[in-house]
Structures are given as C-alpha cells and as structure tokens.
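K.L.:
show me the folded form of this:
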Amino acid sequence: DILVATPGRLLDLMDQRFVHLQHIKFFVLDEADRMLDMGFIHDVKKVIARLPQKRQTLFFSATMPPEIAKLAASILPNPVTVQVTPVSSTVNTIQQSVYFVAKSDKRKLLHHLLEDRSINSALVFTRTKHGADKVAKDLNRSGIRAEAIHGNKSQSSRQLALSNFKGRKTRVLVATDIAARGIDIDELSHVFNFELPNVPETYVHRIGRTGRAGASGISISFCDEEEKEYLHDIQKLIGKVLPVVTDHPHVLVRDGMPKPPAQPRTSPTERKRFQPKRQSQFSSRRPSSPNKGSALRWGSKSRENNY
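P.N.:
Numbering: from 1, shown residues only. Okay, the predicted model is just below:
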C-alpha cells in the first residue's frame, strides 16, 4: 500500500487511530524546503517521531537551507547524496535587463514602470514574506491592484490570489520563490526581480515563468549596491551580461555602478534672467543678476530599508 498525505492531515488521522505507521518500510519526504517555508516542518518532525526506526528514508529538496540540512542530518544516518545539475540557461524569447537603484527607491521605481498600462500582468519576486506583503500593500495604496502569495498565507488565500491573477482581476502578484513554485500562468508578460536571488539558479527559474511555449516575455531586475555580487553570479551562470537601463528617474550612482548619460549644461548666456514686475508703466528696474543654476544630481542617497 502507498499512502500520500499532507503532514497535518496525517497527524489528525493518526490521532483518530485511522492510520498506523508501525509497519512503514519506506518514508518519502518531498519538497522539504517548501514544508519549511509553509510552516509545516514541526508537523513533519512529529510524523517522523512516530515512524519505526528501521526504515528507508528518501528526502527531496530543491534547495538546502540550514534548517533543512539540520533536519536531514537528524533523520538520515549515513545518507547517499544525489544531486541533479541545475538549469543554467535562459530562453532567447525573454528580454532581460537590469536597473541599478537604491534599496529605498525600489518601490518608487516599480510604481514608475507599472504606470505603463501595456504591462497587463506582472509577477514580482521578493526574497522574504514580509517584503512581499510590503510591496503588495504599497502597490495597492498607489491604485495598482496587487496581492501577495507566500507561506504565511492560508491555502485558501493563496488559491484565491492565484485565481484572481490568472483571471486578470489582479494585475500584480507578489511572491516568494518557494510559494511560486509550480505556478503555471499563461501569457505572463513581465517578471520583476524586486530583489535579486542569492542563488543564481533561482533567477533562471524565476524568469522562466514568462516566455513559455515560444511566447515572448520581459524580465526586469532591480539591483542595489549590496546585490552586485548576486548579479555577478547570475551573469556567470547564464553566460551573458544583462543590459543596463539608465533611462529612469531613480538611477543609483555609486562606485562600480554604471553612470547615466550626461545631460547637456545650459550656458550662462542661455539662462533666463529674472524680470521683476514693474511698479508702474513709468518705473523701471535693472534686471537682477543671473540665477545660479542648481546642480543636477542623478540618483539619491538612501537609508537602508530592511524588509
């Protein structure tokens, strides 16, 4: 017999004595990292504690964060590790670009880009659940319909958010990587990397949500000063340098960052003089001295804004 179950439901059936696991020979834990992200890991540990000691355990995980590595070490004595070579290429139908921007200006830049109404569906990736909530809330305040999907949301909330996005009731879906796993959306035009992933293979999986089945797609990545190493690793993996877009109002100018094109300066003779209003048609004043032009500064200094 083969039993397939979610951890919580399995514990419930065991507590009601409908299921007994004392004769289990093989135990398979699939998508362990997603179990962790969704908050199921404690239920998993309870199930494992009630399994017979003599068994074969198979443990599958797309990523290996410290918590999952610790769990694997506790339930797998002398394990044999099988590692699949990660995907490292992106399809040519996806137009990729990167925007250098300060962390505190990322949401402003996202609003600016989403003012383009031709972007009818956008999947925005963040690294954290809290960050996903903040981005979605900020977009809604600006009149852009958005919903967040991550492990802290109930299953019904996640399903509703996905249904609204597929049905075009929601224009923007903000997601964490693990929560977005398995999402299949037809005709997704844009993927935004609001925060670059620290695992380069994750970038390939993210942008692979668009440009499917020969369709075209657009991937836009935001990169702040702390994410330059992530960008370097991504470009090394995919074997190409992402084009840098500087034609936007929030360009980040720092050492090692590309500078935007210089703007032509106005010569002193071209500057307009300030002409005060005359008190009467018979009175006159000398025009004031030329105003000192204020320097045009690209980018902005920003405080770190933790998500």
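K.L.:
contacts, neighbours, all on C-alpha from now
P.N.:
Fine.
K.L.:
what mean pLDDT does the helix or strand that contains residue 232 get?
P.N.:
Residue 232 is part of helix 228-238, with elements assigned from DSSP states H and E. Averaged across helix 228-238, pLDDT comes to 94.
K.L.:
residue 149 contacts residue 173, correct?
P.N.:
Yes. With contacts counted by CA atoms under 8 Å, residue 149 reaches residue 173, the gap being 7.3 Å.
K.L.:
what do those two both touch?
P.N.:
Jointly contacting residue 149 and residue 173 under the rule CA atoms under 8 Å, 6 or more residues apart in numbering are 161-162.
K.L.:
isn't residue 146 right up against residue 133?
P.N.:
No. In this structure, residue 146 is not within contact of residue 133 by CA under 8 Å, at 9.8 Å.
K.L.:
who's more crowded, those two?
P.N.:
Under the criterion of other CA atoms under 10 Å, the comparison of residue 146 against residue 133 puts residue 146 first, with 25 against 19.
K.L.:
quick one: contacts for the closest residue in space to the more buried one that isn't next to it in sequence?
P.N.:
Of all residues not flanking residue 146 in the chain, residue 172 sits nearest, at 4.6 Å (CA to CA, 6 or more residues apart in numbering). Contact analysis of residue 172 by CA under 8 Å, 6+ apart lists 121-124, 144-147, 165.
K.L.:
the residue nearest to residue 121 when sequence neighbours are not counted and residue 45, how far apart?
P.N.:
Nearest residue to residue 121, sequence neighbours excluded (CA to CA, 6+ apart): residue 171, at 5.0 Å. Distance of residue 171 to residue 45, computed by CA to CA, to the nearest Å: 38 Å.
K.L.:
what's near enough to touch the residue nearest the centre of the chain?
P.N.:
The centre of the chain sits closest to residue 125, judged by CA atoms, centre = their mean, with a distance of 1.8 Å. Contacts for residue 125 were tallied using CA under 8 Å, 6+ apart; they are 132, 174-177, 191-195, 206.
K.L.:
save these as a markdown table, and put in secondary structure, neighbour count and distance to residue 12 too.
P.N.:
Below are the contacts of residue 125 laid out as a markdown table (DSSP: H, G, I helix; E, B strand; the rest coil; neighbours: other CA atoms under 10 Å; distance: CA to CA, whole Å):
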| residue | secondary structure | neighbour count | distance to residue 12 |
| --- | --- | --- | --- |
| 132 | helix | 23 | 31 |
| 174 | strand | 26 | 32 |
| 175 | strand | 26 | 30 |
| 176 | coil | 22 | 29 |
| 177 | coil | 21 | 29 |
| 191 | strand | 26 | 39 |
| 192 | strand | 21 | 40 |
| 193 | strand | 21 | 39 |
| 194 | coil | 25 | 39 |
| 195 | coil | 20 | 38 |
| 206 | helix | 21 | 35 |
